[in-house]
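In: Sharing a model that was predicted from the sequence below.
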Amino acid sequence: MAKYVITYDIGTTGIKTCLIEIGNEIKILGSASLGYKLYVDDEIGVKGGAEQNADEWWTAMCVTTKTVFEKVPYIKKDQIDGISFCSQMQGLVLVDENGSCVRNPMSYMDQRAREELKQGIAHGFKIAGAEVTKLLKYLKYTGAVSSSVKDPIWKYKWVEAHEPENFKRVYKWLDVKEYLICRASGEFVMTEDSAFATLLYDTRKGHEGWCKPICDMVGIDMKHLPEIKKCTEKVGEITETAAIELGLAPGTAVFGGGGDASLIGVGAGAVALGDTHIYSGTSGWVGTVVDRQVVDAGAMMAAIVGADPNKYNYFGELETSNKCVEWVRDHLALDDIGVYLKHKNVSDSLEEFSINLYDYMENVIDQIPAGSNGTIFTPWLHGNRCPFEDPNAAGMFFNIKIETGKTEMIRAVVEGICFHMRWMLERQDKKKEVSISNVIRFCGGGALGAVTCQILSDILQRDIEVVDSPQNVGAVGAAACIAVGLGLIPDLEHVKSFIPAKHIYHPNKKNKAVYDRNFTVFQNLYRDNKKNFAILNG
């Protein structure tokens with residue numbers, strides 16, 4: 001008998017709520033989306049700041065839950081066997097004993113804590129941005145090192161240093177989905193993958209859990225750290241109050257779920273050892289399933305704990321991936337898109353507009369030759385993390401000429417995102433412990449456009465597979481967690497048979513030479529402009 005679940009894909013700029021049937025396949029019956037704001041820099045009065053409003057998350061969750069029932073009226077709230085989450089990670093959500101935020105949550109994109117990072121780990125003799133004795137201690141216990149200004153440890157230390165009154169009120173440190181679990185169930189928990197993402201999690205066999213030596217080294221109060229649960233575990237039940245607000249039945253099971261880095265690969269069917277997936281949403285990454293911890297400290301890459309306790313995801317991140325396409329929408333294509341869409345107010349529906357934008361790209365940028373006639377774009381609109389860490393890095397268009405048009409620039413943005421994915425993929429491929437699959441699963445909003453998929457295939461010179469509804473794979477991954485928790489699927493690796501590829505793209509060998517040429521220039525652009533970025537943005 002089929003089971004019905006609701007999953008929440010909580011992104012940086014909006015939530016997508018899906019009502020899903022789990023039977024012979026994992027099938028999305030209906031979905032609803034609602035956006036919310038990311039407040040940055042001047043909006044919050046802090047350089048490098050990036051915050052969100054937790055009430056906006058909850059409101060979006062409540063509204064979309066009710067909407068999805070309206071879209072699937074034959075499923076009633078008492079038929080829902082559980083809810084779960086796929087969420088943005090490495091946020092800092094500090095709450096009091098009532099589960100209320102003591103301040104606005106800090107996004108993973110927040111990079112204000114530069115001094116805290118310097119004092120905490122980036123001082124003295126350094127390797128890969130970390131003081132050598134602390135680096136070695138980190139690698140001993142956690143298999144990764146907190147050497148990025150965007151890591152939540154340094155946000156926590158920033159609040160301690162700059163907002164002591166708020167800090168005194170802290171009861172628990174949660175991440176984004178953990179806050180929503182708390183608000184729905186009253187439970188203060190954190191799943192294993194979220195715990196690892198704090199870089200305070202001991203990954204040694206037999207010692208898994210919060211790591212006291214690391215907490216002591218960086219000055220974390222362990223009383224602030226919640227109980228750790230598995231991603232597939234039932235962690236609580238929906239309270240009476242939350243049930244009224246959400247439109248769900250009290251007592252509905254709440255499962256841990258996972259972060260986007262953990263579950264998007266699962267939802268894309270990239271779950272077996274060696275499977276590689278590329279995600280392009282607001283942010284983006286390259287992830288490969290491995291059976292051991294692998295670290296490339298110089299490239300800020302590490303094998304992270306995921307939803308499957310027996311495997312790791314070797315992971316490299318791009319902070320702004322399809323966010324660059326959103327930038328194109330707002331600053332390059334809007335006038336043309338307005339004409340293309342018969343002057344429709346495209347801001348009314350982001351989801352509909354995104355689809356129309358890809359339709360536009362199908363009709364326009366495919367007319368521009370591979371390599372965008374020599375125009376190159378760097379997709380570092382909010383700094384960069386992998387394969388180099390630099391909060392000062394920024395986007396640029398390079399090699400614009402008098403004959404360069406808007407369509408070349410738009411195509412260059414798509415190519416620039418794909419070049420950066422290639423850079424991270426090739427860096428992963430250098431590790432002898434990592435075996436990159438020849439076929440890559442591509443997912444996220446970027447995978448909605450056939451032209452984008454073909455460009456990625458040509459730049460990587462690998463086959464690209466895309467599953468049905470690639471923008472919803474996070475919700476599918478969250479449903480897989482429930483399926484395992486309910487005993488419907490024995491483990492997460494078995495989910496692959498539920499998620500076949502719908503489209504496959506083969507590389508065009510004729511485009512290899514021009515893309516290899518442009519890729520070399522793309523890599524040079526950071527090296528040649530690192531000092532300039534520091535002068536302008538440091």
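Out: Sure, I can see it.

In: which residues in the stretch 101-250 of the chain form helices?
Out: Assigned by DSSP state H, counting those that start in this stretch, the stretch 101-250 of the chain shows helices spanning 114-120, 132-141, 152-162, 164-168, 176-185, 192-197, 212-218, 240-246.

In: Find the residue ranges of this protein scoring beneath the pLDDT cut-off.
Out: Within the chain, the ranges that satisfy pLDDT under 70 run 122-130, 333-358, 360-362.

In: could you redo the last one with a cut-off of 80?
Out: Applying pLDDT under 80 to the chain flags residues 122-132, 329-330, 332-363.

In: For Val467, which residues count as its bridge partners?
Out: Ala501 (DSSP bridges).

In: follow-up on the earlier one: ok, which of the helices of the stretch 101-250 of the chain comes nearest Lys16?
Out: Nearest to Lys16 among the helices of the stretch 101-250 of the chain is helix 176-185 (13.4 Å), distances taken as CB to CB. Just so you know, the C-beta spots here come from the backbone N, C-alpha and C atoms, and that holds for glycine as well.

In: Mean neighbour count and distance to Glu97 added to the helices of the stretch 101-250 of the chain, as TSV?
Out: As requested, those are exported to TSV (neighbours: other CB atoms under 10 Å; distance: least, CB to CB, whole Å):
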stretch	mean neighbour count	distance to Glu97
helix 114-120	18	26
helix 132-141	17	30
helix 152-162	22	17
helix 164-168	12	12
helix 176-185	26	11
helix 192-197	26	20
helix 212-218	16	21
helix 240-246	16	16
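
In: can you tell me which of those helices comes nearest to Tyr312?
Out: So among the helices of the stretch 101-250 of the chain, helix 192-197 is nearest, using CB to CB, at 9.3 Å.

In: what bridges to Lys16?
Out: Asp9, Ser33.

In: So it sits against Ser33, correct?
Out: Yes - Lys16 lies in contact with Ser33 (CB atoms under 8 Å); the separation is 4.7 Å.

In: Looking at these two, which has the bigger crowd around it?
Out: Lys16 (23 against 20; other CB atoms under 10 Å).

In: mind exporting stretch 280-288 as PDB, just the C-alpha atoms?
Out: The C-alpha trace of stretch 280-288 is given here as PDB (Å, rounded to 0.1, in the frame of the first residue of the first chain):
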ATOM      1  CA  SER A 280      23.100  24.000  -9.700                       C
ATOM      2  CA  GLY A 281      20.700  25.900  -7.600                       C
ATOM      3  CA  THR A 282      21.300  29.200  -5.800                       C
ATOM      4  CA  SER A 283      24.600  27.700  -4.900                       C
ATOM      5  CA  GLY A 284      26.200  24.700  -6.600                       C
ATOM      6  CA  TRP A 285      28.600  21.900  -6.100                       C
ATOM      7  CA  VAL A 286      30.200  18.700  -7.300                       C
ATOM      8  CA  GLY A 287      29.700  15.700  -5.000                       C
ATOM      9  CA  THR A 288      31.100  12.100  -5.300                       C
END
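
In: which residues in the stretch 251-400 of the chain form helices?
Out: 260-267, 322-328, 334-340, 350-364.

In: Summarise which helices and strands the longest helix anywhere in the chain is packed against.
Out: Longest helix in the chain, counting residues (DSSP state H): helix 512-537. Contacts defined by 3 or more CB pairs under 8 Å, 6 or more residues apart in numbering; DSSP states H and E place helix 512-537 against strand 376-378, strand 396-398, helix 406-429, helix 450-460.

In: Name the strands paired with the second one and say parallel or antiparallel.
Out: Its sheet considered, strand 396-398 pairs with strand 376-378 (antiparallel) by DSSP bridges.

In: Give me the contacts around the partner strand.
Out: When contacts are defined by CB atoms under 8 Å, 6 or more residues apart in numbering, strand 376-378 is touched by residues 324, 393-399, 409, 412-413, 415-416, 419-420, 518, 521-522, 525-526.

In: what about 7 Å?
Out: Residues outside strand 376-378 that contact it (CB atoms under 7 Å, 6 or more residues apart in numbering): 395-399, 412-413, 416, 518, 521-522, 525.

In: Likewise for stretch 411-421?
Out: For stretch 411-421, contacts defined as CB under 7 Å, 6+ apart pick out 278, 280, 284, 286, 318, 321, 324-325, 328, 365, 368, 372, 375-379, 397, 452, 455-456, 459, 519, 522.

In: wait, which of the helices of the stretch 101-250 of the chain is closest to Gly487?
Out: Evaluated with CB to CB, the helices of the stretch 101-250 of the chain place helix 192-197 nearest to Gly487, the distance being 19.7 Å.

In: tell me what that closest one is packed against?
Out: Under the contact criterion of 3 or more CB pairs under 7 Å, 6 or more residues apart in numbering; DSSP states H and E, helix 192-197 touches strand 258-259, strand 301-305.

In: so what strands line up beside the last one?
Out: Which is strand 301-305. Strand partners for strand 301-305, identified by DSSP bridges, are recorded as strand 295-296 (antiparallel), strand 312-318 (antiparallel).

In: which stretch among the helices of the stretch 101-250 of the chain comes nearest Glu493?
Out: Of those, the one closest to Glu493 (CB to CB) turns out to be helix 192-197, at 16.1 Å.

In: and the closest one, how far from the chain's centre?
Out: In terms of CA atoms, centre = their mean, to the nearest Å, the centre of helix 192-197 is found 14 Å from the chain centre.

In: Could you list the residues in contact with that helix?
Out: Contact partners of helix 192-197, identified using CB under 7 Å, 6+ apart, comprise 89-90, 175, 178, 201, 203, 228, 230-231, 258-259, 262, 304-307, 309.

In: Please check these and keep the buried ones.
Out: 89-90, 175, 178, 201, 203, 228, 230-231, 258-259, 262, 304-307 (16 or more other CB atoms under 10 Å).

In: quick one: which of these is nearest to Arg385?
Out: Distance to Arg385, by CB to CB, is smallest for Gln90 among the buried ones among the contacts of helix 192-197, at 10.3 Å.

In: Would you agree Asp41 is in contact with Gly49?
Out: Yes - using CB atoms under 7 Å, Asp41 is in contact with Gly49, at 6.0 Å.

In: Comparing those two, which shows the higher neighbour count?
Out: Ranked by neighbour count (other CB under 10 Å), Asp41 and Gly49 place Gly49 first, with 22 against 13.

In: returning to that earlier point: can you add distance to Glu465 and give the helices and strands packed on helix 192-197 back as TSV?
Out: Formatted as TSV, these follow (distance: least, CB to CB, whole Å):
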stretch	distance to Glu465
strand 258-259	22
strand 301-305	23
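
In: Show me where the stretch 1-150 of the chain has its strands.
Out: For the stretch 1-150 of the chain, applying DSSP state E, counting those that start in this stretch gives strands covering 3-10, 14-22, 26-35, 39-40, 50-51, 80-87, 93-95, 126-127, 130-131.

In: most tightly surrounded among those?
Out: Each of the strands of the stretch 1-150 of the chain was scored by mean neighbour count; the highest is strand 80-87, a mean of 27, by mean count of other CB atoms under 10 Å.

In: Residues in contact with that strand: which ones?
Out: If you take CB under 7 Å, 6+ apart as the criterion, strand 80-87 is touched by 3-10, 176-177, 180, 248-249, 252-255, 257-260, 263-264, 474-475, 477-478, 481-482, 486.
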